[in-house]
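[1] would you be able to build a 3D model of this:
(one chain, ligands or ions: 1)
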Amino acid sequence: MDISSANSLSYEDFVDTFGNVVEKNPLVAAAIWSHRPFANLSELEARIVEFIDKLPESGKEGILRCHPDLAGRDLQRGTLTRDSQDEQSQAGMASLTPEETARMYRLNTEYKRRFGFPFIICAKMNNKAAILRKLSERSGNDLAKERECAIDEVKKISSLRLRNLVLPDTQHKL
Ligand SMILES: NC(=O)N[C@H]1NC(=O)NC1=O
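    Numbering: from 1, shown residues only. Okay, here's the model as predicted:
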């Protein structure tokens, strides 16, 4: 759809369409609906980013906790959202060796124990090696820095999901 079609959606259809742009957080779509009409895709995305940025630390951590582990239980059980399934599969998370799966589980477990939310990265912008490397690297961050790192990754994931739903702004030909 294009941005004018998005602007014309009823509240229910808007949340049905955009409710998982931020993983398992339909509140974000429900909240930004008030800002329609959006001039373009960029404004719609900016409203999502603005909503996230204005959350208190506890709210940001709540968003992070709604994300599934990479190569974790939901992937093994087939209970990922379609978006996450697509993203994780594309990054090779569904074809890890048993040793790689065990390493991801161990690193994810240690990471969650340290920070209280799961390791989050935009899988579509990374491959298996990069994900494992960045999981190790970021585990050394302090809480505040890592919370912002993870939120930045949520914004990247949301941006890609949004572009799957709404046609990019039509480039005005000179
Ligand atoms: N933990 C984590 O990063 N999960 C998310 N990343 C992504 O691109 N899709 C997901 O499910």
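
[2] point out where this structure drops to low pLDDT.
    Scanning the chain for pLDDT under 70 picks out 170-174.

[3] got the domain ranges for it?
    As given by automatic domain parsing, the domain ranges for the chain are 3-54, 67-160.

[4] in the host helix or strand of residue 51, what counts as buried?
    Here residue 51, judged by DSSP states H and E, is contained in helix 41-54. Across helix 41-54, burial judged by 16 or more other C-beta atoms under 10 Å covers 41, 44, 45, 47, 48, 51, 52. All C-beta spots, glycine's among them, are computed from the backbone N, C-alpha and C.

[5] what does stretch 63-72 give?
    In stretch 63-72, counting by 16+ other C-beta under 10 Å, buried: 63, 64, 67, 68, 69, 70, 71, 72.

[6] quickly check those residues for the two that are furthest apart.
    Maximum pairwise distance in these, criterion C-beta to C-beta, is 20.6 Å, between 63 and 71.

[7] now the buried residues of stretch 63-72 in a markdown table, with distance to the ligand and secondary structure?
    Shown next, in a markdown table, are the buried residues of stretch 63-72 (distance: C-beta to the nearest ligand atom, whole Å; DSSP: H, G, I helix; E, B strand; the rest coil):
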| residue | distance to the ligand | secondary structure |
| --- | --- | --- |
| 63 | 12 | helix |
| 64 | 9 | helix |
| 67 | 5 | coil |
| 68 | 5 | coil |
| 69 | 6 | coil |
| 70 | 5 | coil |
| 71 | 9 | coil |
| 72 | 8 | coil |
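
[8] looking at those residues, spot the one nearest residue 136.
    When the buried residues of stretch 63-72 are compared against residue 136 (criterion: C-beta to C-beta), the nearest one is residue 70, at 13.2 Å.

[9] about what we covered before: tabulate the domains of the chain (JSON lines), appending distance to residue 168.
    Below are these laid out as JSON lines (distance: least, C-beta to C-beta, whole Å):
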{"stretch": "domain 3-54", "distance to residue 168": "6"}
{"stretch": "domain 67-160", "distance to residue 168": "11"}
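
[10] now do the residue nearest to residue 42 when sequence neighbours are not counted against residue 9, distance only.
    Closest residue to residue 42 apart from its sequence neighbours, by C-beta to C-beta, 6 or more residues apart in numbering: residue 169 at 6.3 Å. Distance, residue 169 to residue 9, using C-beta to C-beta, to the nearest Å: 18 Å.
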